[in-house]
Every structure is written in structure tokens, then in C-alpha cells.
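Participant: sequence-free structure coming up:
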């Protein structure tokens, strides 16, 4: 049986407020569009949005709401609904710290924002189509794009006119994609992370397949059989080279549990229509350890995983401050391994431990959990190597305030 693993590990949570009375139609429209952008129909959304019906925020300015939330120690960015919600658009308001940063950056490039009397600082905000918000937020927190990419006038460094915090932004930002279609979601909807038993997968050493896999071509590759893929609502190895995952030169043996990735089959009756939230089809408890020499699901590559926001002075920007990547590892957070963190180098346990301590720099207690993109696929990891890393992480988190 194909067992689904959490793709996003911990979905980010965005709080939603409103400056107008909420109606059932507005709430339903918002959830429908947000579900499309977060690909909730597959039961493993990139993020969730929680609507707070704060009547005290009705008819209040966006700046005043930002200041009220800051006073309540609710400093994260948030979504705002207003009269434009009926046109499938929302506002995203970043942190006050981010607004100060963007003001300083724009000023340093000779394009200071418009200042209004009586406002303590310039509030940066963007008007965006609801369907575009989840994928745009993913890119923003991963550091792949900057906040000004969502604004009229574009890049802070080359703006033709200064940013105006009172600009109604009548044309909300959009990538122009239809995320409710497989074509429009290409590059944004992650692959399913799964475990499968050996009879459900096929194996090949064909270089026409293996040369397309990450890093140096592995000795072999595995993918779901056509029947197993159909039952799971996924694509099989017959649907393209992108459906194959790295493996060794021998096929999986009877009793092996194989960890691999597969694209969702958008035409499968298993999944509800885009805009509806599906149920996660896999286990929510501890993930069983895979046998054989494939990927260990505890460190399986996924499209998004836990990210920790580093608030340290001297880093280039809010996007840069959150550009370090982290992976989920047996319930712990681990810094995203780099190619030099490679078990194939033959390090002994002590060397592995030193390498882990150097790369897994996560001892800071001021790190705040959020979400972002994950990095490379780890292939052929030995049990001894994993155990040394897990031991280090366990000791680190036993003596740290960091937790999930």
C-alpha cells in the first residue's frame, strides 16, 4: 500500500482580519480561492489561513490594525479583507520591522516613500489576488523574491515613483496563473512524498532516466507502477522521467519500504475539485523507517519544510534573514544539508558529528518557526551516519528553547 508522508511538514499559518462585516459569501469565497493557491485539494496544503472576526477592526485603517496587533504581541504578517474581497483580492501586511526595512532601503536608493502627517511609520502592504497569495508567500518567506516584487512600480532600487502607503492598488498583484489547473500550478504544486512496498515500484538503471535525477546520476531509479499510481491518485514511471527517484543499482527486495516522490494526478477521482480542502491521505503519527538504500523518510526531500526565521542584525533584508533552509528530521529541526554534507565521503562517526555541529547551526533561541522551501535530496544515507546526526540534534534540542 502506498503511504503518504507530510509534504510540507508544518504548514504556515496566516491570521486573517477584516475591516468590514464578514458575510458567509465572503468567507466561502476567500477559503475557496486560498485553497486553490495552497493546493488544499490534495490534503497537504502549503499553509492555512485562520479568519478572526475582530469587530473592533471594522472601518479601522490598515496602519491602526498593524499597531493594535503589535501592542498585543501579534507581530507576524497578516491578511486583511476589505470591500475588495468580493473581487477575489486581499491585502497582505508584513511585520512592522519589515516596513521599517523597506523604508530604509527605498530611501537609500533615492526613492523614499510618501510620508503622511500623524503616521508614526510608513506601512508597506500589497494588494494581491487571494489565489496568488499562498504561492507568493512561499516565495517571499524563502527569500526567492522580495516584497517590492508584489507592488506597483516594482523594484525599490529602480522605482519610477515613490511608494505611497495610501495607494489603493486598484490592480491587485497576480502572476496571471490559474492554480486550479495542472498547467497553471506547474512549478508551485509540490510532489507527493510517499512510502511504497517493493511490489508497487519498478526499477531501472537506464541512463536516459538516471541522468535527469538530482546531483550526479545515481546507479538506478524507482517509480510507482501504473496500477499502484492509479490507486494512489499519482503519476507512474510511465508518465515521464520526473516521476523517478534515486535508487541503487539493484531493484528493491521483498520487504523493502521504498521512499520516493510522485506528482499528483489531477484527473484522479481520488482528489476533490480545486478550491475544496481534501483530507490528508496518509498517517499523522511517526513515519516508519524505510529499508534498503533509498531515501529515509525522516530526511526525505520535499517541496517545503520547516524554516526558522533568523532575526540577527547585519543581514541584508527580511528575505535574507529567512533564507536559511531547514529540514524535518525525526521530529527535530535540522539545517538544510549542503553537498559537502555527503555521507558518501566516508567520514567516521566523530567526523560526522563535527560536520553536523558545523552545519546544523541552530542553537539560537530567538529563531521563530515559519515555513519555506527545502533543499537537496539526500541519497543513500547510512544508518550510522544518520544516528550520529540524530544524536547531536537530540542533545541540542534537549538543551535548547527551540521546539516545534
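Facilitator: Sure, I can see it. The model shown is predicted, which means the values in this text are computed figures rather than measured ones. Residues are numbered from 1 along each chain as shown.
Participant: Residue 20: how many residues sit nearby?
Facilitator: When neighbours are defined as other C-beta atoms under 10 Å, residue 20 has 16 of them. Just so you know, the C-beta spots here come from the backbone N, C-alpha and C atoms, and that holds for glycine as well.
Participant: How about residue 281, nearest residue that isn't a chain neighbour?
Facilitator: With sequence-adjacent residues excluded and distances taken as C-beta to C-beta, 6 or more residues apart in numbering, residue 281 is closest to residue 4, at 4.7 Å.
Participant: wouldn't the one you found be in contact with residue 192 here?
Facilitator: Yes. Taking contacts as C-beta atoms under 8 Å, residue 4 lies within contact range of residue 192: 6.1 Å.
Participant: okay, these two: which has more neighbours?
Facilitator: Shown here are residue 4 and residue 192; by other C-beta under 10 Å, residue 192 has more neighbours (27 against 19).
Participant: next one: phi and psi at that one?
Facilitator: phi -70, psi 140 (degrees, to the nearest 10).
Participant: Looking at it now. What's its pLDDT?
Facilitator: Residue 192 carries a pLDDT value of 92.
Participant: swap in residue 376?
Facilitator: 27.
Participant: All further residue positions should be reported with the first residue as 36.
Facilitator: From this message on, residue numbering opens at 36, which makes the last subject residue 411.
Participant: Who does the residue nearest to residue 316 form a beta bridge with?
Facilitator: Bridge pairing for residue 39 (DSSP bridges) gives the partners residue 229.
Participant: ok, now which ones touch it?
Facilitator: By C-beta atoms under 8 Å, 6 or more residues apart in numbering, the residues touching residue 39 are 78, 79, 227, 228, 229, 267, 315, 316, 317, 318.
Participant: what's the burial count for the residue lying closest to the fourth one once chain neighbours are set aside?
Facilitator: Meaning residue 228. The spatially closest residue to residue 228, leaving aside those adjacent along the chain, is residue 40, at 4.3 Å (C-beta to C-beta, 6+ apart). Neighbour count of residue 40, defined by other C-beta under 10 Å: 22.
Participant: Report the contact partners of residue 300.
Facilitator: Residue 300 makes contact with 264, 265, 268, 269, 270, 306, according to C-beta under 8 Å, 6+ apart.
Participant: which ones among those are found in strands?
Facilitator: Using DSSP state E, no member of these sits in strands.
Participant: Which single one of those is nearest to residue 98?
Facilitator: Among these, residue 306 lies closest to residue 98 (C-beta to C-beta), at 41.1 Å.
Participant: Tally up the residues packed near that closest one, please.
Facilitator: Here the number of neighbours of residue 306 (other C-beta under 10 Å) works out to 18.
Participant: From what I see, it and residue 313 are in contact.
Facilitator: Yes. Here residue 306 reaches residue 313: they are 5.9 Å apart, a contact under C-beta under 8 Å.
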